[in-house]
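Chemist: make a model of this:
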Amino acid sequence: MGAASKRPFIFVTGPYSAPTPEGEARNIQRAIDVGRAVFEKGYYPIVPHVLVREFYVHGDTQGLFGYEPLMQYTLAMIPRCDALLLYDRSPGADREYDFAKQLGKPVYRDVSELPRLDD
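Modeler: Got it, this is the predicted structure:
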């Protein structure tokens with residue numbers, strides 16, 4: 001295995017939903033920005049905002065691509081990650097944070113808490 005395989009995976013979570021599509025776009029961009037900062041510290045970010053944005057139907061709570069099915073999808077990723085970073089709270093992000101804590105995963109509230117890894 002190469003050096004890249006030793007990088008821990010950090011699940012990056014924060015608000016996704018917003019009252020408007022423009023607000024959701026801002027939330028997605030913020031998650032991407034946090035993910036970039038995580039990567040720059042030597043980790044592989046898992047940013048569910050990017051993974052689900054083409055499938056989530058705004059305001060749909062029951063459909064295949066609605067809120068709850070996508071929450072189940074994101075929750076399924078957490079056991080595969082080494083830690084979780086909650087950069088801002090929301091109902092979904094709080095669920096992901098609580099689940100990571102139940103699993104005994106390290107949880108962080110800010111990128112500055114992540115130690116920089118050497119390549």
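Chemist: so, low pLDDT: which residues of this structure?
Modeler: For the chain, the stretches with pLDDT under 70 are 1-5, 56-65, 119.
Chemist: can you give me the strands for it?
Modeler: 9-13, 44-46, 83-86, 107-108 (DSSP state E).
Chemist: what lines up beside the third one in the sheet?
Modeler: Here strand 83-86 has these sheet partners by DSSP bridges: strand 9-13 (parallel), strand 107-108 (parallel).
Chemist: roughly how far does the residue nearest to Glu24 when sequence neighbours are not counted sit from Arg80?
Modeler: Closest residue in space to Glu24, ignoring its immediate chain neighbours: Ala18 at 4.7 Å, by CB to CB, 6 or more residues apart in numbering. All C-beta spots, glycine's among them, are computed from the backbone N, C-alpha and C. Computed as CB to CB, to the nearest Å, the Ala18 to Arg80 distance reads 27 Å.
Chemist: how far does stretch 8-19 stretch from one end to the other?
Modeler: 34 Å (CA to CA, to the nearest Å).
Chemist: contact partners for Ser90?
Modeler: Contacts of Ser90 were listed using CB atoms under 8 Å, 6 or more residues apart in numbering, and they are Gly14, Pro15, Tyr16, Ser17.
Chemist: looks like the third one contacts Ala25 (just checking).
Modeler: No. With contacts defined as CB atoms under 8 Å, Tyr16 does not count as touching Ala25, sitting 10.6 Å away.
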